[in-house]
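K.L.:
structure for the following, please:
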Amino acid sequence: MSRRVEIGARLKDLRKKNKFSQQFVAENLFISQAAYSLIENSQNGIVAEHIVGLSNLYEVTTDFILKGDKHLIRISPSQGFVPYIKVKAHAGFVKNSSKDLDYEDYEWYRIPGYNPTQGHLLFEAEGESMVPTVLPGDVLICQKHNNWDLILSGSVVVLVTNESVLVKRLIKQDAENLFAFENDNPEDNEVIKCNYKEIKEIYMVRGKISNVLIPHHQMTSKGKIQTLEESIEYLKKELYTINKKLNNIRK
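P.N.:
Below you'll find the model as predicted:
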């Protein structure tokens, strides 16, 4: 069987499985039904432009159309892949955020336990402003939120402004069309206030992937220190109360 016959047979099989008519497929390729029929019947060859168009229509790889290779996976959001925006790519993402993502510009991954949609992205966290909630180098699993008014105050978000990509905690303001964005790091008290015009996109943080594990002894020590601090605070209050009573007795 020649390559042309094999391709025609695969195209016919794909069309029937998807319950498409020849007319429908031809319209998607911007050719006549008669011209497409000749391709399926192996009387005409197929050009590269039509191979790519059929790949997108059936959500299969071009290699499957040409060779019948089912072991290759087509990278796209519909196949469960999510683009990963590294720190070094943040500037380019801000610049081109209004455009469709170029598959060649980013790495794409599948995330176990998540069923991604078109609005999912992975962002690499930078800096220590959100420590201990978000650590430098953490990969944040995010979903684009189009209705900003419905975002709960206190949510951790990825904020895309006209200048940068920031990870912050969103705090709603009483003023109309105004958001404040705070840090979780107690040593960084910076508060950023933005109106709607200064915000390009807001992504809700749905989860994170971290390469940092907190050792058990650190967690234990942290708990002991916190208990000790609480005990000292209690003793201070008790001493204050005792001193106050002694002063009243002396009077």
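K.L.:
the spatially most central residue of the chain pairs with what?
P.N.:
When the chain is reduced to its mean C-alpha position, the closest residue under CA atoms, centre = their mean turns out to be Leu121, at 2.0 Å. Applying DSSP bridges to Leu121 yields these beta-bridge partners: Cys142.
K.L.:
from Leu159, how far off is it?
P.N.:
From Leu121 across to Leu159, the span is 13 Å (CB to CB, to the nearest Å). Glycine gets a C-beta too; all of them are placed from N, C-alpha and C.
K.L.:
and the strands in the stretch 51-200 of the chain?
P.N.:
In chain order, the stretch 51-200 of the chain shows strands spanning 82-85, 107-109, 120-124, 139-144, 156-161, 165-172, 178-182, 192-195, 199-209, with DSSP state E, counting those that start in this stretch as the criterion.
K.L.:
now the first one, how far from the centre of its chain.
P.N.:
Same thing as strand 82-85. Distance of strand 82-85 from the chain centroid (CA atoms, centre = their mean, to the nearest Å) equals 7 Å.
K.L.:
walk me through which strands that strand pairs with, and which way each runs.
P.N.:
When pairing is defined by DSSP bridges, strand 82-85 lines up against strand 107-109 (antiparallel), strand 120-124 (parallel).
K.L.:
for the fifth one, same thing?
P.N.:
Using DSSP bridges, strand 156-161 pairs in its sheet with strand 165-172 (antiparallel), strand 199-209 (antiparallel).
K.L.:
nearest to Glu6, out of these?
P.N.:
Distances from Glu6 to each of those were compared using CB to CB; the minimum, 41.9 Å, belongs to strand 199-209.
K.L.:
contact partners of that closest one?
P.N.:
Outside strand 199-209, the residues that touch it by CB atoms under 8 Å, 6 or more residues apart in numbering are 94, 97-98, 111, 114, 121, 123, 125, 134, 138-145, 148, 151, 155-162, 167, 170, 179.
K.L.:
can you say which of those residues are buried?
P.N.:
Among these, those that count as buried by neighbour count (16 or more other CB atoms under 10 Å) are 94, 111, 121, 123, 125, 134, 138-143, 145, 156-160, 167, 170, 179.
K.L.:
enumerate every residue touching Pro132.
P.N.:
Pro132 makes contact with Asp184, Asn185, according to CB under 8 Å, 6+ apart.
K.L.:
so how far is Pro186 from it?
P.N.:
Using CB to CB, one obtains 10 Å as the distance from Pro132 to Pro186.
K.L.:
what does Val5 give?
P.N.:
The span separating Val5 from Pro186 equals 70 Å under the rule CB to CB.
K.L.:
looking at those two, which one has more neighbours?
P.N.:
More neighbours sit around Val5 than around the other of Val5 and Pro186, counting by other CB atoms under 10 Å; the figures are 11 against 8.
K.L.:
that one: what secondary structure?
P.N.:
For Val5, the secondary structure call by DSSP: H, G, I helix; E, B strand; the rest coil comes out as helix.
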